[in-house]
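Novice: Whatever this is, show me its structure:
(one chain, ligands or ions: 1)
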Amino acid sequence: MTSLNTTTALDCRYRPQWHYAAERNWLNDPNGLVYANGVYHLFYQHNPHGDVWGNMSWGHATSADLLHWDEQPVAISCDEQEAIFSGSAVLDVHNTSGFGAGGVPPLVAIYTSAYSPASPLAGRQAQSLAYSTDDGATWTKYAGNPVLDRESSDFRDPKVFWYDGAAGRYWVMVAVEALKHEVVLYKSPDLKSWEYLSTFGPANATDGVWECPDLFELPVDGDAGNTRWVLVVNLSPGGIAGGSGGQYFLGTFDGVAFRSETTVTEGRQADDSRMADYGWLDWGRDYYAAVSFSNVPGGRRLMIGWMNNWQYAAATPSDGWRSAMSLVREVRLETRGGRPVLVQEAVDPLAASGTELLARGGQELADGVTWLPAAASGDVLRIDAEFRPGSTGKVGFVLRAGGGAAGGAAEASADGLAGGSERTVLAYDSGSGELSLDRTASGNVGFHEAFPSVERVAVPLVDGRLRLRVFLDRCSVEVFAQDGLATITDQVFPAGSSTAVGLLAEGDGGTLVSLSVTG
Ligand code: FRU
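Specialist: Take a look at the predicted model:
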């Protein structure tokens, strides 16, 4: 097993090996994702003093490869006047801010000051700056904070990028008026003075507050002459799977306003019957506050989400640390089904170092569960499979199966491997055309009533086939279906001994075209 998360002092059964979690204490949104001088910086919402939300400050981790993360000292700390809420960071290459010294461009963080009762601005949320001239090691809050104040109590989560287009060259900020379900856009020559540009929303999913927006341009099918702008809007609750989730819109941005081409419903929604028609970053319960890195070489667009959900985040099992980030995902626009959609590919923790534990070619699937040999079981695995589902019935996997902490009725397989009562089931149903991830019997599900759940997404077959890439990592399952067309991300908390993997077939079984298990 490869251990990529280098902060393993509190190694324990749920601690992820491939995902970043703080060594100790609470973590939520990824913040300030930026690449500079060969280093990827991951800042994050962090409570340095406890494993529940509070004392919000920016934690910090760095990586050269997006896989091995080294935890750094807390970057920007709360004080008696303000909590440091979510935001972004840029490398100010032209030193427009004047924070640079000696020709070295500064890193500038743009964050939300959530003012405490001790502040003259008590109750407000406004945007502030901090800067670093030593590659992110130390940070200084700007004396002129806040730099953008709308006298609002719910104006937050600024994402800033450098716009260079027909309308000119300047910084653009997208932030939210969370309760109004609005993304508000501003521009600035120097990150310090901001001018209002436009407002987008409400549109599509509006059941919860809008948080953590992002806006970036991507080519469609790699064609630089045919681009769309992607507006990411996280919302909580009101996500597609319940609770926190992330939606996206595709459209144009002329330097002033974003115009959506994928709006299904305008304004606030009284009913949610069109939910499945909106663009979703993920169809699971645990992919929230996802935003992208700035300044990544080669135009790659890389995103990270917080692998949790506000419904139950405070109640998930904790061993002194609580919550992890998703794997880093490269996002692209591809034409699928005749229209551009966002597809996602995880930065693969096993790309350089994986050992193939099992490889199988074409076989008819036997009805029921066929357990894989023990050598291909585990709680930290990548599974790649291609199925040709039958005309009826189900195909898929039983994951993290075992007797469970309290034992249970174990099923012995032909391999002698116990299945048991604990299991997470990933299944494609030919009747409904849906892929589902069922974690209702995944292990410890009793810590919150909203946790046991079944996630579903309609997935069109391609040439009659279903392709799945699944990452298991101790307390999570991330599913990438049809080469990243749809993803499902869920936390699970099984017993450490629940490691069995089974092939699942029901009804008119179907065929396993190929299977590879790598660890
Ligand atoms: C999203 C969020 C942000 C806010 C931060 C506070 O999860 O609610 O809107 O800035 O978390 O920790």
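Novice: which residue is nearest the centroid of this structure?
Specialist: residue 305 (2.2 Å; CA atoms, centre = their mean).
Novice: so that residue sits right up against residue 289, yeah?
Specialist: Yes. Residue 305 lies in contact with residue 289 (CB atoms under 8 Å); the separation is 6.4 Å. From N, CA and C alone the C-beta is placed, and that goes for glycine too.
Novice: what is in contact with those two at once?
Specialist: Residues touching both residue 305 and residue 289 by CB atoms under 8 Å, 6 or more residues apart in numbering: 30, 246.
Novice: and the lowest-mean-pLDDT helix or strand in the chain, which strands flank it?
Specialist: Among the helices and strands of the chain, strand 363-364 carries the lowest confidence by mean pLDDT, DSSP states H and E, at a mean of 92. Partner strands and pairing direction for strand 363-364 (DSSP bridges) are strand 510-518 (antiparallel).
Novice: Show the contacting residues for the spatially closest residue to residue 479 that is not a sequence neighbour.
Specialist: In this structure, residue 479 finds its nearest non-sequential neighbour in residue 488, 4.3 Å apart by CB to CB, 6 or more residues apart in numbering. Contact analysis of residue 488 by CB under 8 Å, 6+ apart lists 282-284, 435, 437, 455, 457, 477-479, 481.
Novice: for residue 488, phi and psi?
Specialist: Dihedral pair for residue 488: phi -130, psi 120, per degrees, to the nearest 10.
Novice: Show me how far stretch 145-160 is from its chain's centre.
Specialist: 23 Å (CA atoms, centre = their mean, to the nearest Å).
Novice: Next, the distance between the ends of it.
Specialist: With CA to CA, to the nearest Å as the measure, the ends of stretch 145-160 fall 16 Å from one another.
Novice: buried stuff in it?
Specialist: Buried residues in stretch 145-160, counted by 16 or more other CB atoms under 10 Å: 145-150, 152, 154-160.
Novice: pLDDT on it, on average?
Specialist: Regarding stretch 145-160, the rounded mean pLDDT is 98.
Novice: Stretch 452-459 too?
Specialist: Averaged over stretch 452-459, pLDDT sits at 98.
Novice: so residue 440 touches residue 451, yeah?
Specialist: No. Using CB under 8 Å, residue 440 is not in contact with residue 451; the gap is 9.1 Å.
Novice: Mind checking which of those two has more residues around it?
Specialist: Taking other CB atoms under 10 Å, residue 440 and residue 451 do not tie; residue 451 has more neighbours (23 against 12).
Novice: who in the protein is up against the ligand?
Specialist: 28-29, 45, 56, 85-86, 112, 156-157, 211-212, 289 (CB under 6 Å from any ligand atom).
Novice: you'd agree residue 450 is in a helix?
Specialist: No. Using DSSP: H, G, I helix; E, B strand; the rest coil, the assignment for residue 450 is coil, not a helix.
Novice: Helix or strand next in line after the longest strand along the chain, which one?
Specialist: Of all segments of type strand in the chain, defined using DSSP state E, the longest is strand 223-236. Going down the chain from strand 223-236, the next helix or strand is strand 245-253, by DSSP states H and E.
Novice: Pull stretch 470-482 out as PDB, backbone CA atoms only.
Specialist: C-alpha atoms of stretch 470-482 as PDB (Å, rounded to 0.1, in the frame of the first residue of the first chain):
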ATOM      1  CA  VAL A 470     -13.400   3.500  -8.400                       C
ATOM      2  CA  PHE A 471     -11.100   4.800  -5.700                       C
ATOM      3  CA  LEU A 472     -11.500   3.300  -2.300                       C
ATOM      4  CA  ASP A 473      -9.500   5.000   0.500                       C
ATOM      5  CA  ARG A 474     -10.400   3.900   4.100                       C
ATOM      6  CA  CYS A 475     -13.300   6.200   4.600                       C
ATOM      7  CA  SER A 476     -14.400   7.100   1.100                       C
ATOM      8  CA  VAL A 477     -15.600   5.800  -2.300                       C
ATOM      9  CA  GLU A 478     -15.100   8.000  -5.400                       C
ATOM     10  CA  VAL A 479     -16.700   6.700  -8.500                       C
ATOM     11  CA  PHE A 480     -15.900   8.000 -12.000                       C
ATOM     12  CA  ALA A 481     -18.400   6.600 -14.500                       C
ATOM     13  CA  GLN A 482     -18.100   6.600 -18.300                       C
END
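Novice: for the record, mean pLDDT for that stretch?
Specialist: Stretch 470-482 carries an average pLDDT of 98.
Novice: OK, contacts around the residue in the stretch 101-250 of the chain positioned nearest to the ligand?
Specialist: The nearest approach of the stretch 101-250 of the chain to the ligand comes at residue 211, 3.6 Å away (CB to the nearest ligand atom). Shown in contact with residue 211 (CB under 8 Å, 6+ apart): 86, 156-157, 176, 178, 234-236, 289.
Novice: Also residue 246?
Specialist: Each residue near residue 246 by CB under 8 Å, 6+ apart is listed here: 232-235, 239, 280-282, 287-290, 305.
Novice: just residue 159 next, same as before
Specialist: Counting by CB under 8 Å, 6+ apart, residue 159 touches 87-88, 173-175, 212-215, 291.
Novice: what do you get if the cut-off is 7 Å, keeping everything else the same?
Specialist: Contact criterion CB atoms under 7 Å, 6 or more residues apart in numbering gives 88, 174, 213-215, 291 as the residues in contact with residue 159.
Novice: before we move on, what about residue 501?
Specialist: Counting by CB under 7 Å, 6+ apart, residue 501 has contacts 372, 376-377, 397, 399, 517.
Novice: mind checking which helix or strand it is in?
Specialist: Element membership of residue 501, judged by DSSP H and E, is strand 500-506.
Novice: now the angle from that strand to strand 510-518?
Specialist: Strand 500-506 and strand 510-518 meet at an angle of 170 degrees, taking axes from the mean of the first three to the mean of the last three CA atoms, to 10 degrees as the criterion.
Novice: I'd like the distance from strand 500-506 to the chain centre, please.
Specialist: Mean-position distance between strand 500-506 and its chain equals 27 Å (CA atoms, centre = their mean).
Novice: again, but for stretch 272-283
Specialist: 16 Å.
Novice: in that stretch, what counts as buried?
Specialist: Across stretch 272-283, burial judged by 16+ other CB under 10 Å covers 275, 278-283.
Novice: No more questions from me, cheers.
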